[in-house]
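**Q** Let me see the structure of the following:
(2 chains)
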Amino acid sequence: MKTNEELQVKSGIYNKGEINLETIINSIRENPEIKKAGSIHTFTGIVRESSVNGKSVISMKIDAYDELANKSINKICETLKQENGIIDIKIVHLKGDFDLSEDLVYVVAASAHRKEGFEVIRKAVDKYKKEIAVWKREDFQDGTSEWIH
Amino acid sequence: MIVEVLYFAELKEITGKEKEKFKLSNSNLEGLLNLLFENYDLKNLIWDEKKQKIHNLISVIINNQPIHEKDPLLINLNNGDTIAFLLPVSGG
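**A** Got it, this is the predicted structure:
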């Protein structure tokens, strides 16, 4: 039987296949304050079949500067945990090579009420997209590829 | 003086490496940039020809700390430093 500490997932960068959404939700449920929560919210970012310019995407690569990205992710989570009604929040970004529809990123939050939970997920997504040292390369149907900035 | 450069995204693809050590004879960033530009096709990504400085979009990181100065002559390096040049991020 695993202890609470062993079940705790740290927010940050993980290799593809190293962690899944269920593990993160289970970790959130192990928070000693979880009885104060009325909802658990999740966001999963996945690989879309088209770029913002409408080009056909067939796969994606994610690269990360782990040390910097982990620092930024933890700062985002610590800031958002201070918000009213937020019991816990975790952000996990995967890196590696991905096919269409595969999971890229998870945000999981426990909140006292659903309104704060939806809102904190939106804030977390907006922040990680701008603030963490992660880069994505879209590989297109026509054989070209492009790092997105 | 030996420093190490970490490569990410395009820079990793262009150099074909995740990281690389360089022996430098001077203690500012200019010497390192000259070596990088001699060895790899990185100048267009990193260097702003008009301003003769590191491009505003590039974040210079030394030992995991961001450096806000863009003039390489004003950025000092020390033996054992780890340097990275980061393009704008794009989380998934």
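**Q** list the contacts for residue B:81?
**A** Contacts here follow Cβ atoms under 8 Å, 6 or more residues apart in numbering or on different chains; on that basis residue B:81 touches B:3, B:4, B:62, B:63. In this view, the C-beta of every residue, glycine as well, is placed from N, C-alpha and C.
**Q** Which of these are buried? Put it as a PyMOL command.
**A** Selecting only the buried members of those in PyMOL, with burial defined as 16 or more other Cβ atoms under 10 Å in any protein chain shown, works like this:
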select buried, chain B and resi 3+62
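**Q** For residue A:100, give its distance to residue A:59.
**A** Applying Cβ to Cβ, to the nearest Å, the value for residue A:100 to residue A:59 is 7 Å.
**Q** neighbours of residue A:133, just the number please.
**A** By other Cβ atoms under 10 Å in any protein chain shown, the residues close to residue A:133 number 26.
**Q** Let me fix that, I meant to ask about residue B:61.
**A** Residue B:61 is surrounded by 20 other residues when neighbours are defined as other Cβ under 10 Å.
**Q** shouldn't it be in contact with residue A:68?
**A** Yes. Taking Cβ atoms under 8 Å as the definition, residue B:61 is a contact partner of residue A:68 at 6.8 Å.
**Q** how about the residues of chain B near chain A?
**A** For chain B, the contact set with chain A under Cβ under 8 Å from any Cβ of the partner chain comprises B:6, B:8-10, B:12, B:57, B:61, B:64, B:84, B:86-92.
**Q** Tell me which two in those residues are the farthest apart.
**A** With distances taken as Cβ to Cβ, the most widely separated pair in those is B:64 and B:92, at 22.2 Å.
**Q** between these two, which one's more packed in?
**A** Here residue B:64 and residue B:92 are set side by side on neighbour count (other Cβ under 10 Å), and the busier one is residue B:92, at 21 against 13.
**Q** For residue A:11, see how far away the more buried one is.
**A** For residue B:92, the distance to residue A:11 equals 15 Å [Cβ to Cβ].
**Q** ok, back up a step: where do the contact lists of residue A:100 and residue A:59 overlap?
**A** Overlap between the contact sets of residue A:100 and residue A:59, as judged by Cβ under 8 Å, 6+ apart, is given by residue A:47.
**Q** Please list all residues in contact with the single nearest residue of chain B relative to chain A.
**A** Nearest to chain A in chain B, going by Cβ to the nearest Cβ, is residue B:92, at a distance of 3.2 Å. Residues touching residue B:92, when contacts are defined by Cβ under 8 Å, 6+ apart, comprise A:45, A:47, A:60, A:62, A:93, A:94, A:104, A:105, A:134, A:136.
**Q** now it, nearest residue through space, not along the chain?
**A** Across the structure, with Cβ to Cβ, 6 or more residues apart in numbering or on different chains as the measure, the residue nearest residue B:92 apart from its sequence neighbours is residue A:104 (3.2 Å).
**Q** Quick one, grab the pLDDT at residue A:3.
**A** In this model, residue A:3 is scored at 59, pLDDT.
**Q** list the contacts for the closest residue to residue A:115 other than its chain neighbours?
**A** Once its chain neighbours are removed from consideration, residue A:115 has its nearest residue in residue A:85; the separation is 8.0 Å (Cβ to Cβ, 6+ apart). Applying Cβ under 8 Å, 6+ apart, we find residue A:85 in contact with A:111, A:112, A:113, A:115, A:116, A:117.
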